[in-house]
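Colleague: Would you be able to build a 3D model of this:
(chains A and B)
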Amino acid sequence: MLDETSTPLLFYSSPKLEERILNDQPVLQVNSITKRFPGVVANEDVSLALYPGEILALLGENGAGKSTLMNVIYGLYQPSEGEIFVKGQPVSMNSPRDAIALGIGMVHQHFQLVPVMTVAENIMLGSESVKNGLLDTRAVARRITELSERYNLAVDPYAVIEDLPVGVRQRVEIVKALYRNVDILILDEPTAVLTPQEIDGLFEVMNLLKSQGHSIIFITHKLKEVLRVADRIAVLRDGKLVGQTTPHDSTEAELAAMMVGREVILTVDKTAAHPGAAVLEIDGVAARDDLGQPALRGVSLAVHAGEIVGVAGVQGNGQTELVEVLTGLRHADGGHIRINGQELTNASPRQITDAGQMSHVPEDRHAYGMVASYDVAHNMVLNSYYRPPFARAGVINEPAIHQYATQLVAEFDVRTPSVDALAGSLSGGNQQKMVVAREFSRPLKLLVVAQPTRGIDVGSIEFIHNQIVSKRDEGVAVLVVSSELDEIMALSDRIAVMYKGEIIDIVPRSQATREGLGLLMAGVKD
Amino acid sequence: MEGWKGASVNQLVWKRTQLISIVVIALLLLMAILVNTTALRQQTWLRVLFGISALNFMLRASVPLILGALSGILCERSGIINIGIEGMMLAGAFGAFFFKVQTNSWPLLASLMVGVLAALLVGGLMGFLHALFSIRYRMDQIISGTVIIVLATGITSYLFDRDAVAQGKFGEIRIPLLADIPVIGNVLFNNPPITYLALILVVVLHVAIFYTRWGLRTRAVGEHPSAADTVGINVNRFRYLNTTLGGMLAGLAGGFLVLEAVGQFQEGMTAGRGFIALAAMIFGNWNPFGALAAALLFGYTQALQNELLLAGVTTIPRQFVSMLPYVVTIVAVAGFVGRVRPPAAEGKVYETEAH
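Modeller: Residues are numbered from 1 along each chain as shown, chains lettered A, B, ... in the order given. Here you go, the predicted structure:
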């Protein structure tokens, strides 16, 4: 009854696993789960089992249905069809409270912690210890210290969450789950916000939890991590379980193919760069963040024609502010920005895009890259609607826009029913291809690309990466900002690492290693 | 305070503000004792500023502001903006008056208690209505609050019987021994019951918000509702509960005006106190003790206005003197915007992920 997968590409080839399936009772088992939303089937006939003391990786692209399935298991959604068994008993869960009572805990991708409260307050929330009507914070703190020691998860119960770095907040989330005595732990994209060293630490914790009998479901789309830490791997695609395997029996390429449904080239094919003259010169730029705190403390960097400079760093070290200052979206308090030798510090976005011949693919496409409630055609001319042939004497020329958009949609493989479809109705990957189509299709000297492949499918990633490299080969200077180290390593000719608002080092790609970059990202420079 | 451990910039600024308020209050108290027990009493200006009558007036003027601000704190800590305090207060005042008049023939104390219960009930009803608009019907909370004010103004004015007279009001209860302390005893321990209740409620709410299960959950719901939801807390139930309780406190403030201060109802008798209470809540950074300090400050400016006019020590036209409390409110709130920090999820509808 466990092999109800529709297309078992690879399935239980390891003898040890066979043995386990015959002998052990799963701690958690879902049978033929289907979850429908109006107009969408998010999960279709998914059956999966989790065994005691194992790490099961749930692999799939964004939108494959991983989160929906986990929300069903965590009681946030009720399945449309199918059954859930916990430790052999059929269960029905109406809220996370029920799931917690059954020993299921979840660490969400977006941390569910109250920033102004202390660690202890956050951990006890919903399961408070009360003595004489008042919160027994000391008892809670004792319990937290006990758990931190036992699982090697150092947290200070009295620290306030907003003062803690992301890595520590994640530890708090894990302790919060353990505090509720869960033995099944769901980790939703836990490595997305961590440095490579923090990821190592997390994996150690996961192994420690496993050795103490906990079962873990590890949700991710990162193939390397799956192969490193998982005992078994289940792959979801388009809401269906397409196969189960083990790290022992599979390779990155095979897993990628299962995820996407076709062969995928994981490395970016590119020749050596031939850098020309400096196009973008950033000299001692300083700026503050939205809260008025210093975010950039004297950043200097040059990007030459025909090269890709990657900016690596843990999120929140000034990358966002740097891109905003470069593109005219944030005021620089000091320093100079020159594009093609022209002083463009604190110029308006239009001055910069016109005079500097710069294009910008913003990190948050929903907020800055597109208008979700406009159709694809109008989104394609957001940076050029005001000039001929799209506008004459202030009047928009619809046929010209329509024709231009149709051409771009074909050229950039944007999958949309027509250019009249609303941009918001497209998948993330196609939205991003639309933004890329618009930004790449104009005379260009400089390209600023932030998080170009965040939240999009592997197929689109491949396409966008190739587009970026081909722009470089045309002699465009490219600045790529990404929190995905793999992406930076794949694309860049030189890598600048940001830490606390400064560029801590610039490394040629040939000399860069994951470990070295990871240390720089954590602020360690020898 | 539990909620303020740690050392963010905001919190340090706030700690400094707390320290300054404590120093100011201590100085005020010192001056009051000096002026009222020594020959300094002879100085008209000092008497206007620090005399027993000014202090008594300050406390009386503060009570509706304290209760109103606590009402706001209850709602907003759970994430519901309450600019309708003014309306809830007015409705509470009318409810108290109406039922006081109906029970005029009863023994005075019983009749007054009926008035208090009516104030709580009517205020709570208005609070519940606000919650219903904001949560169930997802109305913008500012608009819903405005609706509450307009509704209360209209209904109370329509239903108000101008010939009705309420007989009697709450008198002072002198607390033995404590009331004999010079100056302080006279000001603090010789008051009518709702005044005591307001002061006690400040302490009770402080403890409840920062040291009980209900308070922890309330704060979580107001700051990060999905964090509360994912540990199984029913976000909207907390918001209904707190907004209704908040309405009851605003109603009690109205009850104070009718049953303890004036003795009668007048149209629009809250005269902006709900808004000043709102200012006190903001100035007090959504903390009960902060709100108490702010309410006392605003109450003091009202007392000052009153004393200045009575003593006739100034030639400034009385219209300008009357502006004093409002000007101080504007200056105080304007100067503190950006330093205080409202609950993060305030004003946002929370939709559970559950399907």
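
Colleague: Spatially nearest residue to whatever residue of the stretch 301-450 of chain A ends up closest to chain B, not counting backbone neighbours?
Modeller: Nearest to chain B, among the residues of the stretch 301-450 of chain A, is A:Gly316, at 15.5 Å (Cβ to the nearest Cβ). For glycine as for every other residue, the C-beta is placed from the backbone atoms N, C-alpha and C. Spatial nearest neighbour of A:Gly316, chain neighbours left out: A:Val166 (7.6 Å); criterion: Cβ to Cβ, 6 or more residues apart in numbering or on different chains.

Colleague: same check, this time on A:Leu519
Modeller: A:Gln197 is the one closest to A:Leu519 (Cβ to Cβ, 6+ apart), at 7.2 Å.

Colleague: Which helix or strand lies directly C-terminal to the strand or helix carrying that neighbour?
Modeller: For A:Gln197, the host element (DSSP states H and E) is helix A:196-211. With elements assigned by DSSP H and E, the helix or strand that comes after helix A:196-211 is strand A:215-220.

Colleague: List the buried residues of that following strand.
Modeller: Across strand A:215-220, burial judged by 16 or more other Cβ atoms under 10 Å in any protein chain shown covers A:215-220.

Colleague: Name the residues of the helix holding A:Gln197 that come out as buried.
Modeller: Quick answer for helix A:196-211 (16+ other Cβ under 10 Å): A:196, A:198-199, A:201-203, A:205-206, A:209-210.

Colleague: Ok, stretch A:254-274 next?
Modeller: Buried-residue list, stretch A:254-274, by 16+ other Cβ under 10 Å: A:254-260, A:264, A:268, A:270, A:273.

Colleague: what do you get for stretch A:281-294?
Modeller: For stretch A:281-294, by 16+ other Cβ under 10 Å, it's A:281-282, A:285-289.

Colleague: Can you list which of those are found in helices?
Modeller: Among the buried residues of stretch A:281-294, no member falls in helices (criterion: DSSP state H).

Colleague: could I get those as a markdown table with distance to B:Trp214 and pLDDT?
Modeller: What follows is those, written out as a markdown table (distance: Cβ to Cβ, whole Å; pLDDT from 0 to 100):
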| residue | distance to B:Trp214 | pLDDT |
| --- | --- | --- |
| A:Glu281 | 58 | 94 |
| A:Ile282 | 52 | 95 |
| A:Val285 | 49 | 95 |
| A:Ala286 | 46 | 95 |
| A:Ala287 | 43 | 94 |
| A:Arg288 | 39 | 91 |
| A:Asp289 | 35 | 86 |
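
Colleague: among these, which are within reach of chain B?
Modeller: Among the buried residues of stretch A:281-294, no residue sits close to chain B (Cβ under 8 Å from any Cβ of the partner chain).

Colleague: C-terminal to the least confident helix or strand in chain B by mean pLDDT, which secondary structure element comes first?
Modeller: Ranked by mean pLDDT, DSSP states H and E, the weakest helix or strand in chain B is helix B:9-37, scoring a mean of 76. Using DSSP H and E, the helix or strand that follows helix B:9-37 in sequence is helix B:44-50.

Colleague: Run through who's touching that next one.
Modeller: B:28, B:31-32, B:34-36, B:40-41, B:54, B:304, B:307-308, B:311, B:313 (Cβ atoms under 8 Å, 6 or more residues apart in numbering or on different chains).

Colleague: For the stretch 251-400 of chain A, which residues are neighbours of chain B?
Modeller: Near chain B, when you scan the stretch 251-400 of chain A using Cβ under 8 Å from any Cβ, you find A:Gln293.

Colleague: Okay, strands next: where are they in chain B?
Modeller: Assigned by DSSP state E, the strands in chain B fall at B:173-174, B:190-191.

Colleague: Which of the ones you listed sits closest to A:Glu411?
Modeller: Distance to A:Glu411, taken as Cβ to Cβ, is lowest for strand B:190-191 among the strands of chain B, at 80.1 Å.

Colleague: The closest one - contacts with which helices or strands?
Modeller: Other helices and strands packing on strand B:190-191, by 3 or more Cβ pairs under 8 Å, 6 or more residues apart in numbering or on different chains; DSSP states H and E, are strand B:173-174.

Colleague: Show me what the strand it packs on is packed against.
Modeller: strand B:190-191.

Colleague: Looking at the strand it packs on now, give me its mean pLDDT.
Modeller: The pLDDT scores in strand B:190-191 average 92.
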